[in-house]
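Undergrad: just a sequence and a predicted model for now, questions to come.
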Amino acid sequence: MKYLYLLFIVTMGAWLLDVHPAQAQALDAFSTKKGVTMNGSLSTSTTAYAAHGIESRRDPFAWYVNGNININLFGYDMPFSFSYSNQGKNYSQPFNQFRFAPSYKWARLYVGNTSMNFSNYTLAGHMFNGVGLELTPAKWHISAMYGTLLKAVPFDVLSPESYSRASFERKGQGLKVAYENEGNTYGVSFFHAKDDAASLPYIPDDAAIAPRENVAIAFNIRQSIIQHIFVDLEYSVSALNRDVRGEKNAFDSSRGTSNLLSHFLSPTNNTRYFDAIQAGLGYNGTFYTIQLRYERVAPDYVTLGAYNVVNDMRNITVAPSVKLFNGKVNLSANAGMQVNNLDNSKNSDAKRWVINGNANVSAGQHWVLNGGYSNFSNYTRVRPQIDPYFNNPLDTLDFYQVNNTYNGMVMYHTGNKERQQAITFNSSYQYASDRSSNDTTGPMLSRFFTSNLSYAYTLPPKDLTMSASVNYYKNSAAGLSTTFVGPGVNVNKLFLEKTLRTGISAVYNITEATSTLGEGLKTTTNSTLFNTGLNVNYSPKGKQSETTTDGEGKRKFFNKQTHTIGANISWVIRGATANQRGYNELTSTLNYTYSF
């Protein structure tokens, strides 16, 4: 890693020479007159769960603690956040976390669980537990990180599902340096990650897992050529060793091991190299913008600093956007050619026109309309679960690589200070080549249609809002067609001078699932689902403890300290079917938040 350290030293030297006056000015701003202040919030919650008719899908009792605290010490910010739960042991990667991010002027330090973004093809938002640094003096932007991207999760021979959760411990480090001047940017980023092969004491023979090592470098530039015209370019190279236990190669030019990345990663027979490029040429007009874009990502491009990278594709597109009638009409599009199978390794390839268009219209005082169409690759996740700490795969629908998407929204709203009404209709249709998150048989064609019609009635003087809706979902894929339809109601009311917030909701869905068994035979299963909930939140007004003077010289009293107590009860009733008996689940949550 000597080249990484050398790059860091050179960059820091240039920074010190270039911004010495700015540094002195920042230190002068550090003053004891600003004193010591602290603000933030602490919250805790407990969840109780009971099920009848089925096996429990979560623990009967759970508790969570979260905190966000910021201490300002003479102008120096030191934010700290953490989360902790007795459910931490149920997560393959850490749930219990803390984050400390002190900052002063143009310097910020990250300690604990955090994420950083260097570029789309190096380090792109991957969580890590370690340290990070961001420096933004004058025209420079310098970022560095080191930490654990994944903790070791061992195999359990008595638990088959552990095969999908098992992982080696993975360490990562990276550096990004960028210089910006009058809208022109020049930058380079470096990222390196490696699995510890000794972090798993036992690996089954049939396990599809191996310790990997990755090095990725990206160069980016954005330059204005003449007035209104600009170009941008980003080029990335990634080297992946798919098994660090393989034998190291001696110098062999035919294998491509004599290159810059080989100095950071020891090449083996399992080492592969990938690249990606993004480039654009644009023009900014008074009421319109147009860009010509080129993007190419090599097949199997992988960086261990990102959770997912769409690869094996080349896009050449043009993207215009227009604002009309003082911004009341906004039109944008992105159209061009997309191809895959860049290395001709697949039995078939695809070449198609790709289009992405959106229109937003504000028609008068009452109407709002927008619509769009896209056939770019996409990802859709439908998760009808309101509990943020509970994830049941059976309640989640995942769709990958959506080919065609249509969506639209029409809203009509009217009213005055005494009474307000709104009618909204949302609809979307997707024709997709999808792969379910639990599917291992390969992609299948599916159609996914959603629609929602809602009516809201609000009485501001009485702090009352009522709404009703009708939902319709239909999914068809691989011989299975599923339809969800049903109404929903929701009522919210404020009491005690708006310190007590209450809400009640109910949703009833009828589900019809039709399976094609072959030779024209079909079987249909009907079921019902009723979900109702009640939530209450009380936040009393604090005592008058501090004063301030407004622009008119009037004295006003306020208290920064607030307490909030809340409770939520959710009851789910699933009707019986021919193949499954009915069941019900009751989940209740009690929470408390202290803000200061």
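TA: Now that the structure is in, tell me what you want to look at. Numbers count the residues shown, from 1 in each chain.

Undergrad: so who does the residue positioned nearest the centre of the chain touch?
TA: When the chain is reduced to its mean C-alpha position, the nearest residue by CA atoms, centre = their mean turns out to be residue 125, at 8.8 Å. Counting by CB atoms under 8 Å, 6 or more residues apart in numbering, residue 125 makes contact with 115, 116, 117, 306, 307. C-betas here are computed from N, CA, C, even on glycine.

Undergrad: please repeat the previous calculation with a cut-off of 6 Å.
TA: Contacts for residue 125 (CB atoms under 6 Å, 6 or more residues apart in numbering) come out as 115, 117.

Undergrad: what of residue 408?
TA: Residue 408 makes contacts with 371, 427, as judged by CB under 6 Å, 6+ apart.

Undergrad: change it to 8 Å
TA: 369, 370, 371, 372, 426, 427, 428.

Undergrad: how near is it to residue 354?
TA: According to CB to CB, to the nearest Å, residue 408 and residue 354 sit 20 Å apart.

Undergrad: by mean pLDDT, which helix or strand of the chain comes out lowest?
TA: Using mean pLDDT, DSSP states H and E, helix 20-28 stands out as the lowest-scoring helix or strand of the chain, at a mean of 37.

Undergrad: past that helix, which element shows up next along the chain?
TA: Under the assignment DSSP states H and E, the closest C-terminal helix or strand after helix 20-28 is strand 36-52.

Undergrad: for that next one, buried residues please.
TA: Of the residues in strand 36-52, those buried under the neighbour-count criterion (16 or more other CB atoms under 10 Å) are 41, 43, 45, 47, 49, 51.

Undergrad: pull the most distant pair out of these.
TA: With CB to CB as the measure, no two of the buried residues of strand 36-52 lie farther apart than 41 and 51, at 32.4 Å.

Undergrad: strands along the stretch 401-550 of the chain, start to end?
TA: Under the criterion DSSP state E, counting those that start in this stretch, the stretch 401-550 of the chain contains strands at 402-415, 420-434, 444-459, 464-477, 480-495, 500-518, 521-538, 546-549.

Undergrad: which of those sits closest to residue 590?
TA: If you check each of the strands of the stretch 401-550 of the chain against residue 590 by CB to CB, strand 521-538 wins as the nearest, at 10.1 Å.

Undergrad: report the buried residues of the closest one.
TA: 527, 529, 531, 532, 533, 535, 537.

Undergrad: and of those residues, the nearest to residue 222?
TA: Here the nearest of these to residue 222, counting by CB to CB, is residue 537; it sits at 46.3 Å.

Undergrad: in this structure, where is pLDDT below threshold?
TA: Low-confidence segments of the chain, defined by pLDDT under 70: 1-34, 75, 88-96, 160-162, 247-263, 266-267, 376-403, 432-445, 518-520, 542-560.

Undergrad: spit out the contact partners of residue 471.
TA: When contacts are counted by CB under 8 Å, 6+ apart, residue 471 touches 450, 451, 452, 484, 485, 486, 487, 488, 507, 509.

Undergrad: quick one: buried ones out of the residues you listed?
TA: Those of the contacts of residue 471 that meet the buried threshold are 450, 451, 452, 484, 486, 488, 507, 509, by 16+ other CB under 10 Å.

Undergrad: show me the contacts for the last one.
TA: So that's residue 509. Applying CB under 8 Å, 6+ apart to residue 509 gives the contacts 471, 484, 485, 486, 528, 529, 530, 531.

Undergrad: do the same with residue 313
TA: 295, 296, 297, 338, 339, 340, 342, 377.

Undergrad: please report which of these has the highest neighbour count.
TA: Highest neighbour count within those, by other CB atoms under 10 Å: residue 297, with 23 neighbours.

Undergrad: thinking residue 470 is in contact with residue 489, fair?
TA: No - contact status for residue 470 versus residue 489: not in contact, 10.5 Å apart, counting by CB atoms under 8 Å.

Undergrad: and residue 571, bridged to which residues?
TA: residue 532, residue 586 (DSSP bridges).

Undergrad: and if you look at residue 322?
TA: Partner residues in beta bridges with residue 322, using DSSP bridges, are residue 288, residue 331.

Undergrad: so how far is residue 354 from it?
TA: 20 Å.

Undergrad: higher neighbour count, those two?
TA: The neighbour comparison of residue 322 against residue 354 (other CB under 10 Å) goes to residue 354, with 19 against 14.

Undergrad: three-state assignment of the more buried one?
TA: In the three-state summary, residue 354 is assigned as strand, counting by DSSP: H, G, I helix; E, B strand; the rest coil.

Undergrad: what sits against the nearest residue in space to it that is not next to it in sequence?
TA: Counting by CB to CB, 6 or more residues apart in numbering, residue 338 is the residue found nearest to residue 354 once chain neighbours are left out, at 4.4 Å. Under the criterion of CB under 8 Å, 6+ apart, the contact list for residue 338 reads 313, 314, 315, 350, 351, 352, 353, 354, 376.

Undergrad: how near is residue 338 to residue 431?
TA: From residue 338 over to residue 431 the distance is 16 Å, taken as CB to CB.

Undergrad: rewinding a little: quickly find the element holding the residue nearest to the centre of the chain.
TA: Assessed by DSSP H and E, residue 125 sits inside strand 124-135.

Undergrad: sheet partners, orientation included, of that strand?
TA: Strands adjacent to strand 124-135 in the sheet, as given by DSSP bridges, are strand 107-117 (antiparallel), strand 140-150 (antiparallel).

Undergrad: quick check: buried residues in the first one?
TA: Of the residues in strand 107-117, those with enough neighbours to count as buried (16+ other CB under 10 Å) are 107, 108, 110, 111, 112, 113, 114, 116.

Undergrad: ok, now the last one?
TA: Within strand 140-150, the residues that qualify as buried by neighbour count (16+ other CB under 10 Å) are 140, 141, 142, 143, 144, 145, 147, 148, 149, 150.

Undergrad: dump the next helix-or-strand element following it to CSV, restricted to CA.
TA: Beyond strand 140-150 on the C-terminal side, the first helix or strand identified by DSSP H and E is helix 162-165. Extracted C-alpha coordinates of helix 162-165, given in CSV (Å, rounded to 0.1, in the frame of the first residue of the first chain):
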residue,chain,number,x,y,z
SER,A,162,-26.6,-20.1,7.5
TYR,A,163,-25.1,-20.9,4.1
SER,A,164,-26.6,-17.8,2.6
ARG,A,165,-25.5,-15.6,5.6
